[in-house]
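Peer 1: sharing a sequence plus its predicted fold:
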Amino acid sequence: MSHRFTRTSKIRTSQTRTRRSRTRLRFAAAALAAGSVVAMAGCTPPAPSADSFYVPPTTISGANGTIIRSRASVFTMDPVNHTPVAGVQSTQVLYNSTDVHGNKIAVSGTVLVPTAAWTGSGSRPLISYAVGTRGIGQDCAPSYTLTQGADYEETAIDAALNKGFAVAVTDYQGMGTPGGHTYMVGQAMGHAVLDMATAAEQLPGAGLSASTPVGIWGYSEGGAAAGWAAEQASSYAPGLNLKGVSMGGVPADLLAVASQLDGSAFVALELMTAVGYNTAYPDLNLNSYLNSAGQTLMKQLNGVCLVSVDGIKGILGTAFHHVSDYTSSNPLANATWQNDINSNKLGGGKPTVPVFQYHALADEMVQYNQAHTLHETYCAKGVNETWQVYPVAEHATAMLEGQGDALNFLANRFAGLPVISNCWMG
């Protein structure tokens with residue numbers, strides 16, 4: 001099948017922000033799937049593991065998206081003085097969601113709303129922003145890193161705020177709240193993204209409501225989360241006024257992605273995924289597959305954020321190794337593991353709103369072919385999908401290259417402009 005590549009529009013950011021974005025993207029490449037967070041111990045507020053705000057109540061009741069508690073916070077892009085971004089109201093929330101088994105859980109996140117009045121037509125739109133990989137530890141939560149000027153996706157979030165949109169950023173399950181991050185467990189991530197939007201709509205003083213136009217945006221791990229939210233929305237959160245979804249660098253088929261990661265510079269991501277699935281599905285019993293080297297590695301990586309001393313050590317120390325170096329038998333060859341992983345494979349559902357899917361042709365972290373397969377699957381299902389390939393980009397640079405296209409796609413959906421699928425292009 002032939003492929004036609006379209007040109008991307010230039011992202012109109014200042015030179016300063018561009019340099020800052022490219023620096024963070026280099027960290028993201030070294031840390032995988034667009035993921036990295038600078039752990040800044042000793043700064044205030046305390047990290048989530050030492051902050052009672054993140055501790056869920058003993059009993060969680062109420063509908064999905066119900067706010068358990070909230071507090072004012074700071075959104076900053078200044079990692080030194082933590083000067084707040086002007087004109088933005090920032091609020092941390094703890095809200096109701098459900099895990100992959102349908103159990104009620106608490107998830108933390110941040111709601112960001114411009115203080116200037118919305119000047120567009122209708123009511124102010126909301127983007128539920130699904131973050132990319134940053135680690136599996138409680139203190140990797142974006143609700144914390146956004147208060148430190150240490151979040152590599154802050155420029156994308158700021159770009160959405162500059163358009164006047166409100167932005168809600170989930171921490172997913174197990175970042176922020178205790179219990180371990182269910183890394184790459186798509187069904188749980190989709191729930192967290194959708195319930196984050198519902199929580200934002202219910203936040204007093206945010207100026208949002210159930211009629212608020214909603215968009216979803218994410219890249220890499222966030223792309224998978226956005227894809228799952230798109231597939232789940234009509235049944236899980238039918239009350240959301242969802243207008244469109246932008247998802248990039250999507251790891252839709254984790255077994256296919258694992259085949260590319262094994263033996264690569266980013267095999268740590270494959271190992272993190274195994275930990276994430278073991279957290280979500282304890283019966284998988286990951287420890288029973290590990291040899292002594294694997295058990296030592298799991299102790300080293302447990303709870304770390306990717307860009308930290310331990311996180312960088314874990315990435316460098318595992319680079320170009322194979323899963324077989326850390327296991328006595330490969331869990332991915334086990335039928336139970338395969339079934340649980342494939343139950344979180346995208347493409348089984350059908351998004352009912354327009355979707356923008358974008359990917360780097362030379363993606364070294366998230367295999368291109370499996371992303372294109374998802375595109376073809378959606379097209380066969382009749383999804384109104386716009387497919388964009390960046391032919392000279394790799395995983396990290398495609399995140400930057402696609403930022404303007406992804407945001408403009410959502411802006412056009414909020415404006416009520418029509419979009420016609422380009423599935424015919426292949």
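Peer 2: The structure has been received and is ready for your questions.
Peer 1: would you check how far apart the nearest residue to S121 once chain neighbours are set aside and T182 are?
Peer 2: Distances taken as C-beta to C-beta, 6 or more residues apart in numbering place A415 nearest to S121, at 7.3 Å, with adjacent residues excluded. Every C-beta, even on glycine, is put in place using the N, C-alpha and C of the backbone. Relative to T182, A415 is positioned 35 Å away (C-beta to C-beta, to the nearest Å).
Peer 1: ok, D78 next?
Peer 2: Taken as C-beta to C-beta, the span from D78 to T182 is 32 Å.
Peer 1: neighbour count: the two, which is higher?
Peer 2: Shown here are D78 and T182; by other C-beta atoms under 10 Å, T182 has more neighbours (27 against 13).
Peer 1: torsion angles phi and psi at that one?
Peer 2: Reported as degrees, to the nearest 10, the phi and psi values for T182 are phi -80, psi 70.
Peer 1: pLDDT score for the closest residue to it other than its chain neighbours?
Peer 2: Leaving aside its sequence neighbours, T182 sits nearest to A280 (C-beta to C-beta, 6+ apart; 4.1 Å). Note on A280: pLDDT of 98.
Peer 1: before we move on, what about G314?
Peer 2: 60.
Peer 1: so V304 makes contact with G135?
Peer 2: Yes. Assessed by C-beta atoms under 8 Å, V304 is found in contact with G135 at 5.7 Å.
Peer 1: more neighbours, those two?
Peer 2: G135 (27 against 22).
Peer 1: for that one, give the beta-bridge partners.
Peer 2: For G135, the beta-bridge partners are C305 (DSSP bridges).
Peer 1: distance of it relative to P331?
Peer 2: Distance from G135 to P331, by C-beta to C-beta: 21 Å.
Peer 1: ok but D158 is inside a helix, no?
Peer 2: Yes. D158 forms part of a helix when assessed by DSSP: H, G, I helix; E, B strand; the rest coil.
Peer 1: touching, it and M77? I think so.
Peer 2: Yes. Counting by C-beta under 8 Å, M77 is a contact partner of D158 at 6.5 Å.
Peer 1: tell me, what's touching the two both at once?
Peer 2: Residues touching both D158 and M77 comprise V85, with contact defined as C-beta atoms under 8 Å, 6 or more residues apart in numbering.
Peer 1: domains in the protein, by residue range?
Peer 2: Split into domains by automatic domain parsing, the chain comes to 15-254+347-425, 255-341.
Peer 1: which one of those is the most hemmed in?
Peer 2: domain 15-254+347-425 (a mean of 21; mean count of other C-beta atoms under 10 Å).
Peer 1: pretty sure M399 sits against M247.
Peer 2: No. Using C-beta under 8 Å, M399 is not in contact with M247, being 11.9 Å away.
Peer 1: overlap of the contact sets of the two?
Peer 2: In contact with both M399 and M247: Y219, using C-beta under 8 Å, 6+ apart.
Peer 1: locate the most centrally placed residue in the chain within the secondary structure: which element?
Peer 2: Among the residues of the chain, G222 comes closest to the average C-alpha position under C-alpha atoms, centre = their mean, at 2.3 Å. G222 is located in helix 221-236, with elements delineated by DSSP states H and E.
Peer 1: and that helix, what's its mean pLDDT?
Peer 2: Helix 221-236 carries an average pLDDT of 98.
Peer 1: helices and strands around that helix, which ones?
Peer 2: Counting contacts by 3 or more C-beta pairs under 8 Å, 6 or more residues apart in numbering; DSSP states H and E, helix 221-236 packs against strand 126-130, helix 186-202, strand 213-219, strand 241-248.
Peer 1: pLDDT value on A34, please?
Peer 2: For A34, the predicted pLDDT is 35.
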